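K.L.:
Following is a predicted model, sequence given first.
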Amino acid sequence: MVNKTILTDCDGVLLDWEAKFRPWMERLGFKLNPHRLNAYSIGEQYDISHEKSMEMIAKFNSGSDFESLPAWRNSVEYVQRLYTEGWNFVVITTAGTHPWTPGLRKSNLDKIFGEGIFNEIHVLPLHSDKGVVLKNYQDSKLFWIEDKPSNAELGLRYGLRPLLMSVAHNADYKGSVTVVNNWTEIYKLVQSSL
């Protein structure tokens, strides 16, 4: 029998974190550098130190805007479809260690996708190693959906089937992981694996 579990990142895969983070930063007086929009680093995007960027991300990820992120692309339709077809989802996200962050993340996912779809959510420290969770699924060949190339490639090392969601910061990716543009493509790949 097929293990119908999908491992997935959250921001840039299920939810659109930047849609709320950018206006929030602007309200606080931070200006986005128009020449660095495609950078992964928030510090680079805003011309601030790494320490300041980590502080701002942690602050945002423990506030009300973090609980109201919109869906990423067409994630809702296909996640709900996969769920009704018997698939389980395990979310692995590096959203931070503030005590409110896990509850805000779960509340947001429940509001957008429906309660009960995401019951296993691993909220790790900011920019930490997702391998601490992925190793539990080593050599399982489960799908692993990510937007950060190094985390997607980590899935290859753990014997998973990583898919890299295309976003601005990974537009130049030339590695071994299959790149997808939306959940329609993910759905087709999942269906063809059965």
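P.N.:
Arrived safely, thanks for sending.
K.L.:
Excluding residues flanking it in the chain, which one is nearest N38?
P.N.:
A168 (4.3 Å; C-beta to C-beta, 6 or more residues apart in numbering). Bear in mind the C-beta positions are built from the backbone N, C-alpha and C, glycine included.
K.L.:
quick one: the strands in the chain?
P.N.:
Ranges of strands in the chain, per DSSP state E, are 5-8, 88-93, 120-123, 143-146, 161-165, 178-180.
K.L.:
JSON lines please, covering these and showing mean neighbour count.
P.N.:
Formatted as JSON lines, these follow (neighbours: other C-beta atoms under 10 Å):
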{"stretch": "strand 5-8", "mean neighbour count": "21"}
{"stretch": "strand 88-93", "mean neighbour count": "21"}
{"stretch": "strand 120-123", "mean neighbour count": "16"}
{"stretch": "strand 143-146", "mean neighbour count": "25"}
{"stretch": "strand 161-165", "mean neighbour count": "23"}
{"stretch": "strand 178-180", "mean neighbour count": "16"}
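K.L.:
Please tabulate those strands in a markdown table, including the columns distance to G29 and mean pLDDT.
P.N.:
What follows is the strands of the chain, written out as a markdown table (distance: least, C-beta to C-beta, whole Å; pLDDT from 0 to 100):
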| stretch | distance to G29 | mean pLDDT |
| --- | --- | --- |
| strand 5-8 | 34 | 98 |
| strand 88-93 | 27 | 98 |
| strand 120-123 | 28 | 98 |
| strand 143-146 | 32 | 98 |
| strand 161-165 | 31 | 98 |
| strand 178-180 | 36 | 98 |
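K.L.:
quick one: which of the ones you listed is nearest S41?
P.N.:
When the strands of the chain are compared by C-beta to C-beta, strand 143-146 sits nearest S41, at 16.8 Å.
K.L.:
Give me the distance from the longest helix along the chain to the chain's centre.
P.N.:
Of all the elements of type helix in the chain, the one with the most residues (DSSP state H) is helix 101-113. A distance of 13 Å separates the centroid of the chain from that of helix 101-113, by C-alpha atoms, centre = their mean, to the nearest Å.
K.L.:
Dump that helix to PDB, keeping only the CA atoms.
P.N.:
Only the C-alpha atoms of helix 101-113 are listed here, as PDB (Å, rounded to 0.1, in the frame of the first residue of the first chain):
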ATOM      1  CA  THR A 101       4.000  31.200  16.500                       C
ATOM      2  CA  PRO A 102       2.800  27.500  16.300                       C
ATOM      3  CA  GLY A 103      -0.700  28.500  17.300                       C
ATOM      4  CA  LEU A 104      -0.800  31.300  14.800                       C
ATOM      5  CA  ARG A 105       0.500  29.100  12.000                       C
ATOM      6  CA  LYS A 106      -2.100  26.400  12.800                       C
ATOM      7  CA  SER A 107      -4.900  28.900  13.000                       C
ATOM      8  CA  ASN A 108      -4.000  30.400   9.600                       C
ATOM      9  CA  LEU A 109      -3.800  27.000   7.900                       C
ATOM     10  CA  ASP A 110      -7.100  25.900   9.400                       C
ATOM     11  CA  LYS A 111      -8.800  29.200   8.200                       C
ATOM     12  CA  ILE A 112      -7.400  28.900   4.700                       C
ATOM     13  CA  PHE A 113      -7.600  25.200   4.000                       C
END
